[in-house]
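Peer 1: Show me how the following folds:
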Amino acid sequence: MPRAEPAAILIIGEWLSQQYDEGIQNLVFSLADEWGKYGRVLLVNCGSQSVRPDWLQQGHNSIANVRTNRLFLSLPLRSALRAFCPEMIFYVSPSCAKTTALFRSKVLKAYAPRAKVFVVALQPVHYSGLERRLLPLLTPDGIFVQSPRSMELLRGLPCPVRFLPSGVDTSRFVPVAQEQKRELRRKYEVGEGTFVVLHVGHINRKRNIQLLQGVVQQEGVQVIIVGSTSTPQDDGLARELAQAGVRVIREYLPHIEELYQLADVYLFPVTSEDAAIGVPLSVLEAMACNLPVITTRFGGLPLMFQPGGGFFYFDREVELPELIVRARALQDCSTRRMVEPYDWRNVANMLLQMAMAGENEP
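Peer 2: Model (predicted):
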């Protein structure tokens with residue numbers, strides 16, 4: 001029987017910053033915070049920007065900022081791993097499960113041969129014929145993915161490939177009473193009588209957010225987009241949306257939960273599988289605030305949530321007007337109840353249990 005928890009966990013992240021408005025960074029810091037409450041955790045940040053130790057919450061965790069090359073061939077990285085002596089290494093790769101990322105996992109294994117090494121890949125990756133032949137030689141002890149498509153693309157590898165949902169901070173993202181909602185609307189200069197459709201994420205066309213120009217034309221509807229500051233933004237698209245009447249917020253908001261709390265419905269229109277992580281955090285955050293959610297059947301969402309209770313799927317843009325009408329008329333929304341099992345504490349525990357139970361399964 002595996003122990004309840006490992007004594008030392010190492011998480012590898014790349015290009016981390018203080019602004020938690022990007023999915024991969026949010027997941028890395030959230031896992032470190034949760035695991036650090038009951039065990040030793042070292043978060044290694046590989047990139048040019050340093051991460052301060054106080055960016056993590058209190059716990060038995062620490063941060064090492066390490067400069068390395070593209071393949072992780074680095075004496076400082078090797079020294080950091082050997083000094084920490086991890087039992088488990090989780091590499092949350094911004095390049096997902098590309099062959100270069102899998103090669104990095106082999107390098108990490110060489111630096112800490114007694115540790116189990118897992119790759120967390122949050123988007124699907126397509127492989128060439130040569131790459132597919134190399135995959136069996138590069139597999140880590142396990143790969144965690146966020147969509148059925150990713151599982152299909154990695155089928156047949158000599159290591160476990162398991163589904164990992166994203167998590168949400170259910171103590172931060174909470175519904176508010178009507179009076180507080182009115183106060184938030186006054187704070188952000190949002191009309192009290194308008195029906196607010198919200199989207200949070202990168203401002204680029206791959207996310208299909210240009211269709212919000214049609215949504216804003218509906219009577220009594222205001223559309224707000226909050227753009228991520230951790231990635232480049234499409235200035236032309238931002239101007240195009242603003243000219244159509246969409247309110248575009250492009251600065252970092254440390255209290256992003258307030259935008260969810262003042263909104264009436266959350267809309268996630270993304271269709272391209274590489275435009276967001278497989279289980280978008282913004283959808284879970286909106287649900288934790290008990291907002292109705294209208295979304296495409298993106299990534300792992302259909303594995304986690306059935307339609308109903310204020311959760312709507314759409315396949316074509318022409319369906320949106322009717323779904324917004326249904327969301328406006330909704331009397332009993334229960335999306336928070338649907339997402340509560342995916343609190344970050346539960347997700348972090350789930351990940352550890354899967355890692356300890358299945359490292360050596362084919």
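Peer 1: Show me how far stretch 25-44 is from its chain's centre.
Peer 2: 15 Å (C-alpha atoms, centre = their mean, to the nearest Å).
Peer 1: in stretch 222-241, what counts as buried?
Peer 2: Across stretch 222-241, burial judged by 16 or more other C-beta atoms under 10 Å covers 222-230, 234, 237-238, 241. Every residue, glycine included, has its C-beta placed from N, CA and C.
Peer 1: can you check stretch 30-44 too?
Peer 2: For stretch 30-44, burial by neighbour count (16+ other C-beta under 10 Å) applies to 30-36, 39-44.
Peer 1: avg pLDDT for that stretch?
Peer 2: Regarding stretch 30-44, the rounded mean pLDDT is 89.
Peer 1: so how far is the first residue of stretch 202-214 from its last?
Peer 2: 19 Å (C-alpha to C-alpha, to the nearest Å).
Peer 1: coming back round to it: in helices, which of the buried residues of stretch 30-44 appear?
Peer 2: 30-35 (DSSP state H).
Peer 1: Tell me the gap between the helix or strand containing residue 197 and the middle of its chain.
Peer 2: Assessed by DSSP states H and E, residue 197 sits inside strand 195-201. Centroid separation between strand 195-201 and its chain, computed with C-alpha atoms, centre = their mean, is 18 Å.
Peer 1: continuing past that strand, what's the next helix or strand?
Peer 2: Following strand 195-201 in sequence order, the next helix or strand is helix 212-215 (DSSP H and E).
Peer 1: what is residue 227 paired to in the beta sheet?
Peer 2: In this entry, residue 227 is beta-bridged to residue 201, by DSSP bridges.
Peer 1: Assess the claim that residue 32 and residue 11 are in contact.
Peer 2: Yes: judged on C-beta atoms under 8 Å, residue 32 makes contact with residue 11 at a distance of 5.5 Å.
Peer 1: And the strands in the stretch 251-362 of the chain?
Peer 2: With strands called from DSSP state E, counting those that start in this stretch, the stretch 251-362 of the chain shows them at 265-268, 293-295, 311-313.
Peer 1: and these as TSV, adding distance to residue 65, mean pLDDT and mean neighbour count?
Peer 2: Shown next, in TSV, are the strands of the stretch 251-362 of the chain (distance: least, C-beta to C-beta, whole Å; pLDDT from 0 to 100; neighbours: other C-beta atoms under 10 Å):
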stretch	distance to residue 65	mean pLDDT	mean neighbour count
strand 265-268	34	98	25
strand 293-295	36	98	25
strand 311-313	40	98	20
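Peer 1: Using TSV, lay out the ones you listed together with distance to residue 186.
Peer 2: Shown next, in TSV, are these (distance: least, C-beta to C-beta, whole Å):
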stretch	distance to residue 186
strand 265-268	20
strand 293-295	25
strand 311-313	29
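Peer 1: Let me know how buried residue 129 is, in neighbour terms.
Peer 2: 7 (other C-beta atoms under 10 Å).
Peer 1: Got phi/psi on it?
Peer 2: Phi and psi for residue 129, reported as degrees, to the nearest 10, are phi -60, psi -40.
Peer 1: swap in residue 135?
Peer 2: Main-chain torsions, residue 135, degrees, to the nearest 10: phi -50, psi -50.
Peer 1: ok, back up a step: so what sits against both of residue 32 and residue 11?
Peer 2: Common contact partners of residue 32 and residue 11 (C-beta atoms under 8 Å, 6 or more residues apart in numbering): 41, 43.
Peer 1: and residue 308, how many neighbours?
Peer 2: 10.
Peer 1: Return the distance of it relative to residue 183.
Peer 2: The spacing between residue 308 and residue 183, counted by C-beta to C-beta, to the nearest Å, is 31 Å.
Peer 1: and if you look at residue 272?
Peer 2: 37 Å.
Peer 1: ok, now residue 101?
Peer 2: Applying C-beta to C-beta, the value for residue 101 to residue 183 is 45 Å.
Peer 1: Between those two, point out the one with more neighbours.
Peer 2: residue 101 (23 against 15).
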